[in-house]
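Visitor: below are the sequence and a predicted model; questions follow.
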Amino acid sequence: MIGAFDPVTAARAPATAAASEPPAAPAAAAAPSVRVRRPATPRRPTEDPPVVEWALIGLALAFLGAFILVPASVVVHEALKDGLALWKEAIVDPDAIAAIELTLLVAAISVPLNALFGIAAAWSITRFRYRGKGVLVSLIDLPFGVSPVISGMMAVLLFGAHGWLGPWLLDHGIKIVFAVPGIVLATVFVTFPFVARELIPFMEAQGVEEEEAAHVLGASGWQILAKVTLPNVKWSLLYAIILCNARAMGEFGAVSVVSGHIRGVTNTLPLHVEILYNEYAFRASFAVASLLFVLALVTLVAKKALEWRQRRAIREAARRGAPAGA
């Protein structure tokens, strides 16, 4: 009968209607996703804009290329232009061998002397209080402000035949100027600030707490120096020795004045290069100059290796909570 109520049909009707309706969309899909954009990191007041930064980097690279890389590449190219045979012939020349030996001898004498002086000067300036300390620091910086040629002239005025001590030295058969001792003295004078100026700021920043603790525990002065101070400054000391050695082997002005340019006797590598160039032996002069370039590369590699080792030691000490110099 039409219009009769069927309870079974009425109970199934809501479920059927619900099944026939399309499923509701997820709530996340209903609203479009909004990407949150992080604000740009503000530039610090002392930080330059990127344009200025890249311009300065480009200027520095151009300067290095024009004044260092291009001359160095020209030296290497001219040295090897005629082949390795002529390069080797210029290197094994007796005068070149004598110049190499004298250069190494002067460096082997002057660098340890400067290392000892630098340690003593840095120790006295950073660990003691006395009058005249500022004068001592100024005297250490003196070779930086005086031309190497002037320092060579001072050696000649002191130890030359007509100098203040020259007659006395001649009477006793001692020859300093135009001989190896004069070259060593001139090199020591030019290079002695390197070790001291490298150690003084480092030892000042390090402080005296460890030395005082060692003294309280009964250590003597030599024990404090050998077991506390030197181990703490070993990386700075080695770095300064490398720079001092590079300057000692490449010194020209002061050595040129006191050497006398005696071929095979008092000529170091820079002086030998000058003599060959003045004699128009360009290939031989560039070949010998390439040795100085190789020495410069070795010095640079050693310097960077020490800097890396020093930074690594500082990071390891920071992780252990130890002092930076330990």
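Guide: Received, thanks.
Visitor: what about stretch 85-98, start to end distance?
Guide: From its first residue to its last, stretch 85-98 covers 20 Å (Cα to Cα, to the nearest Å).
Visitor: show me the shaky parts of this protein.
Guide: 1-46, 321-326 (pLDDT under 70).
Visitor: so how far is the longest helix along it from its chain's centroid?
Guide: Longest helix in the chain, counting residues (DSSP state H): helix 282-320. Between the centre of helix 282-320 and the centre of its host chain there is 7 Å, according to Cα atoms, centre = their mean, to the nearest Å.
Visitor: and what of stretch 137-155?
Guide: With Cα atoms, centre = their mean as the basis, stretch 137-155 stands 22 Å off its chain's centre.
Visitor: what's the end-to-end length of it?
Guide: Note: stretch 137-155 ends 22 Å apart using Cα to Cα.
Visitor: and the helices in the stretch 51-200 of the chain?
Guide: For the stretch 51-200 of the chain, the helices defined by DSSP state H, counting those that start in this stretch cover 70-79, 84-91, 94-127, 133-140, 142-145, 148-159, 166-171, 180-191, 193-206.
Visitor: any chance of those helices in JSON lines, plus distance to P50 and mean neighbour count?
Guide: (Glycine included, C-beta is placed from N, CA and C.) Below are those laid out as JSON lines (distance: least, Cβ to Cβ, whole Å; neighbours: other Cβ atoms under 10 Å):
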{"stretch": "helix 70-79", "distance to P50": "28", "mean neighbour count": "14"}
{"stretch": "helix 84-91", "distance to P50": "46", "mean neighbour count": "14"}
{"stretch": "helix 94-127", "distance to P50": "41", "mean neighbour count": "18"}
{"stretch": "helix 133-140", "distance to P50": "41", "mean neighbour count": "13"}
{"stretch": "helix 142-145", "distance to P50": "37", "mean neighbour count": "12"}
{"stretch": "helix 148-159", "distance to P50": "42", "mean neighbour count": "18"}
{"stretch": "helix 166-171", "distance to P50": "63", "mean neighbour count": "13"}
{"stretch": "helix 180-191", "distance to P50": "41", "mean neighbour count": "23"}
{"stretch": "helix 193-206", "distance to P50": "33", "mean neighbour count": "20"}
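Visitor: need the ones you listed in a markdown table with distance to A226, can you?
Guide: Output for these, formatted as a markdown table (distance: least, Cβ to Cβ, whole Å):
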| stretch | distance to A226 |
| --- | --- |
| helix 70-79 | 41 |
| helix 84-91 | 41 |
| helix 94-127 | 11 |
| helix 133-140 | 24 |
| helix 142-145 | 29 |
| helix 148-159 | 33 |
| helix 166-171 | 37 |
| helix 180-191 | 24 |
| helix 193-206 | 15 |
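Visitor: R320: which of those helices is closest?
Guide: Set against R320 and scored by Cβ to Cβ, the helices of the stretch 51-200 of the chain come closest in helix 193-206, at 16.7 Å.
Visitor: roughly how far does the nearest residue to I200 once chain neighbours are set aside sit from V156?
Guide: In this structure, I200 finds its nearest non-sequential neighbour in A122, 4.8 Å apart by Cβ to Cβ, 6 or more residues apart in numbering. Distance of A122 to V156, given as Cβ to Cβ, to the nearest Å: 31 Å.
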